[in-house]
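J.: Model the structure of this input:
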Amino acid sequence: MYRLLLLLLAGCATAPVAVQRLPEAEAPFAFNGRVAVRQGEQRDNAGVRWVHRGVDDEILLLAPLGHTLARIRRDEQSASLEASGRKYAAQDMESLMQQVLGWQLPLNGLRYWVSARPVPEVDSAIERDANGQVSLLRQQGWEISYTRYAAATPDALPLRLKLQREGVEVLLLIDEWEAQ
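T.: Residues are numbered from 1 along each chain as shown. The predicted structure follows:
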């Protein structure tokens with residue numbers, strides 16, 4: 001009985017973090033994790049794989065067994081979203097997600113916020129904990145709470161973020177950061 005319980009608990013453990021320190025400000029990054037979104041009465045969740053390189057992003061939203069629900073791509077000129085065998089395009093990724101999926105992630109800011117940094121040259125308010133890590137970031141109408149990091153050092157990568165703004169709540173759990 002106890003062995004079975006230990007095996008089940010071991011299976012629930014998250015994968016180790018491959019990278020633990022913050023990359024340089026504009027450095028590429030990639031991570032695997034999970035996202036839960038609550039917007040009004042709508043609740044959605046998915047696995048997420050995000051690869052960011054300069055001005056290009058590719059985000060996969062995944063079903064529990066790894067099936068791709070949506071593929072989101074962005075570059076300097078446009079954004080595209082593929083879902084259910086159809087492809088959609090627009091200038092703005094957030095409104096495209098809202099139109100196709102019924103919810104959105106604040107991707108323009110989130111590319112900075114996932115590494116506990118504010119969007120450059122935009123007003124922000126930052127609170128830090130006793131370790132010097134960002135515990136709360138307020139920017140662009142969003143309140144981002146950081147509740148878990150890969151280590152206890154000031155330059156450690158965040159593993160758990162909660163974003164809130166006017167009826168929208170996003171919980172992002174990062175299981176694995178990868179060097180790029």
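J.: Low-confidence stretches in the chain?
T.: Within the chain, the ranges that satisfy pLDDT under 70 run 1-25.
J.: Spell out the residue ranges of the strands in it.
T.: Counting by DSSP state E, the chain has these strands, from start to end: 29-39, 42-53, 56-62, 68-74, 79-83, 86-90, 124-128, 134-139, 142-149, 158-165, 168-178.
J.: Please state the offset of stretch 156-167 from the chain centre?
T.: 8 Å (Cα atoms, centre = their mean, to the nearest Å).
J.: Restrict that stretch to CA atoms and write it as PDB.
T.: Extracted in PDB, the C-alpha atoms of stretch 156-167 (Å, rounded to 0.1, in the frame of the first residue of the first chain):
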ATOM      1  CA  ALA A 156      16.600  32.600  -9.900                       C
ATOM      2  CA  LEU A 157      13.900  31.900 -12.500                       C
ATOM      3  CA  PRO A 158      10.200  32.100 -11.500                       C
ATOM      4  CA  LEU A 159       8.200  28.800 -11.500                       C
ATOM      5  CA  ARG A 160       4.800  30.100 -10.500                       C
ATOM      6  CA  LEU A 161       3.100  33.400 -11.600                       C
ATOM      7  CA  LYS A 162      -0.400  34.600 -11.000                       C
ATOM      8  CA  LEU A 163      -1.600  37.400 -13.200                       C
ATOM      9  CA  GLN A 164      -4.700  39.400 -12.400                       C
ATOM     10  CA  ARG A 165      -6.600  42.200 -14.100                       C
ATOM     11  CA  GLU A 166     -10.300  43.300 -14.200                       C
ATOM     12  CA  GLY A 167     -12.100  39.900 -14.200                       C
END
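J.: Now do it: everything it contacts.
T.: The contact list for stretch 156-167 (Cβ atoms under 8 Å, 6 or more residues apart in numbering) reads 17, 19-22, 39-40, 106, 110, 113-116, 133-134, 141-150, 169-175, 177. (C-beta placed from N, C-alpha, C; glycine too.)
J.: could you redo the last one with a cut-off of 7 Å?
T.: Outside stretch 156-167, the residues that touch it by Cβ atoms under 7 Å, 6 or more residues apart in numbering are 17, 19-22, 39-40, 106, 113-116, 133, 141-150, 170-174, 177.
J.: With mean neighbour count and distance to residue 100 as added columns, please give the strands of the chain in JSON lines.
T.: JSON lines is the format used below for those (neighbours: other Cβ atoms under 10 Å; distance: least, Cβ to Cβ, whole Å):
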{"stretch": "strand 29-39", "mean neighbour count": "19", "distance to residue 100": "14"}
{"stretch": "strand 42-53", "mean neighbour count": "17", "distance to residue 100": "12"}
{"stretch": "strand 56-62", "mean neighbour count": "18", "distance to residue 100": "11"}
{"stretch": "strand 68-74", "mean neighbour count": "18", "distance to residue 100": "7"}
{"stretch": "strand 79-83", "mean neighbour count": "18", "distance to residue 100": "5"}
{"stretch": "strand 86-90", "mean neighbour count": "12", "distance to residue 100": "5"}
{"stretch": "strand 124-128", "mean neighbour count": "13", "distance to residue 100": "30"}
{"stretch": "strand 134-139", "mean neighbour count": "18", "distance to residue 100": "26"}
{"stretch": "strand 142-149", "mean neighbour count": "18", "distance to residue 100": "22"}
{"stretch": "strand 158-165", "mean neighbour count": "18", "distance to residue 100": "20"}
{"stretch": "strand 168-178", "mean neighbour count": "18", "distance to residue 100": "17"}
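J.: All set, thanks.
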